[in-house]
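*Asks:* Predicted model and sequence follow; I will ask about them next.
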Amino acid sequence: MHKKEHLVGHGKGKALEAEYESTVVITGKGSGTKDPNAPGFNLPHLHVTMSGTDVRQLGRLRRALEDSLIDYIIEDTPEQEDSADSANPPPSLGRLLYGLGLSAANASPKTKDRTPDRSVLARSHFPIYLHTKRETTKQSDGDNDTNNNNGRNLITKKVWMNVLELPRDSETKEYHGRFLASRSFMNYYRNHFHCRVDIYGVWGDGGKEHLMCDPYVLITSEEKANVDKCIQYVEHRIRDHEEKFEVSRAGGRRVLRGEKTES
């Protein structure tokens with residue numbers, strides 16, 4: 001219930017509906033909704049439905065709810081004691097941004113590819129200050145640098161993004177992912193695919209790192225083709241590791257382009 005309270009609790013929902021002249025309905029697991037006919041009632045996660053007559057207002061409402069979810073992730077993640085890591089985004093943020101990007105793409109009537117694990121254009125998890133300083137007002141002597149809208153016009157960089165699950169040892173319950181972060185691999189991702197690759201959930205005590213989701217690999221780049229090629233490369237490295245160490249992923253292997261789904 002914490003996520004729902006953060007989004008619409010304590011009068012926030014009514015205020016959002018009034019400001020954006022729209023309605024917000026939250027269903028799914030943890031929503032507290034008792035209407036079995038409500039869309040998303042049986043989903044294992046929260047499902048947010050927005051409705052209204054002005055598509056521009058709906059877009060603004062969606063952005064406000066997305067910002068609120070991002071704030072929830074940031075605020076609920078303990079700060080790093082090491083100052084060198086304080087600039088890094090919370091480990092769960094990338095997974096959230098990918099989910100938001102996928103949801104936004106699915107909501108567009110122009111979207112043709114609706115593959116559930118495709119690469120999507122989403123807000124970047126780096127740099128983190130763009131997610132934490134939205135409410136600061138930018139001041140400058142130059143007319144072009146003035147932002148008088150309480151930071152709401154601060155633009156977050158958009159990148160192409162995709163996510164891969166990590167294999168897990170069925171006996172120790174340990175997730176395997178550090179093998180993907182060797183110096184040679186990291187240089188190859190960057191120099192050959194022009195991608196940033198982040199591995200989350202395998203570095204802290206017990207591999208938790210205060211994650212709000214299962215450990216994962218996040219791949220980002222300014223070009224979709226780069227992400228798609230890097231996904232294939234990393235997927236094959238994970239498959240090799242699974243065979244060698246007899247570990248597996250709960251959802252099975254990622255089905256790559258040209259492969260058939262196993263029945």
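*Replies:* All right, it came through fine.

*Asks:* going forward, measure contacts and count neighbours with C-alpha atoms only.
*Replies:* Noted.

*Asks:* check which helix or strand covers residue 7.
*Replies:* Taking DSSP states H and E as the definition, residue 7 sits inside helix 2-8.

*Asks:* how about that helix: buried residues?
*Replies:* Across helix 2-8, burial judged by 16 or more other Cα atoms under 10 Å covers 4, 6, 7, 8.

*Asks:* Same check on stretch 247-263?
*Replies:* Across stretch 247-263, burial judged by 16+ other Cα under 10 Å covers 247, 248, 249, 253, 254.

*Asks:* Run the chain-centre distance for it.
*Replies:* In terms of Cα atoms, centre = their mean, to the nearest Å, the centre of stretch 247-263 is set 21 Å apart from its chain centre.

*Asks:* Look up phi and psi at residue 238.
*Replies:* Taking degrees, to the nearest 10, you get phi -70, psi -40 for the backbone angles of residue 238.

*Asks:* Who are the contact partners of it?
*Replies:* 166, 167 (Cα atoms under 8 Å, 6 or more residues apart in numbering).

*Asks:* so which helix or strand takes in residue 64?
*Replies:* Counting by DSSP H and E, the element that carries residue 64 is helix 55-75.

*Asks:* Can you spell out which helices and strands pack onto that helix?
*Replies:* When contacts are defined as 3 or more Cα pairs under 8 Å, 6 or more residues apart in numbering; DSSP states H and E, helix 55-75 packs onto helix 2-8, helix 12-20, strand 22-28, strand 46-52, helix 93-107, helix 129-132.

*Asks:* which ones are touching residue 166?
*Replies:* Residue 166 is in contact with 175, 176, 177, 215, 216, 217, 238, 248, 249, counting by Cα under 8 Å, 6+ apart.

*Asks:* how close does the fourth one sit to residue 202?
*Replies:* Noted for residue 215: a distance of 7 Å to residue 202, by Cα to Cα, to the nearest Å.

*Asks:* ok, back up a step: tell me which of the buried residues of helix 2-8 has the lowest pLDDT.
*Replies:* Model confidence across the buried residues of helix 2-8 bottoms out at residue 4, which has 72.

*Asks:* That residue reaches residue 31, doesn't it?
*Replies:* Yes - between residue 4 and residue 31 there is a contact under Cα atoms under 8 Å: 6.4 Å.

*Asks:* Redo the contacts of residue 166 as a markdown table? Include pLDDT, secondary structure and distance to residue 121.
*Replies:* Conversion of those to a markdown table gives the following (pLDDT from 0 to 100; DSSP: H, G, I helix; E, B strand; the rest coil; distance: Cα to Cα, whole Å):
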| residue | pLDDT | secondary structure | distance to residue 121 |
| --- | --- | --- | --- |
| 175 | 95 | strand | 27 |
| 176 | 97 | coil | 27 |
| 177 | 97 | coil | 25 |
| 215 | 96 | coil | 21 |
| 216 | 97 | strand | 18 |
| 217 | 98 | strand | 17 |
| 238 | 98 | helix | 24 |
| 248 | 97 | strand | 28 |
| 249 | 97 | coil | 25 |
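
*Asks:* and of those, the nearest to residue 96?
*Replies:* Closest to residue 96 out of the contacts of residue 166 is residue 216 (11.6 Å), distances taken as Cα to Cα.

*Asks:* My guess is the closest one contacts residue 168. True?
*Replies:* No - between residue 216 and residue 168 there is no contact under Cα under 8 Å: 11.1 Å.

*Asks:* With neighbour numbers in mind, choose between these two.
*Replies:* Neighbours of residue 216 and residue 168, each counted by other Cα atoms under 10 Å, are more numerous for residue 216; the result is 23 against 19.
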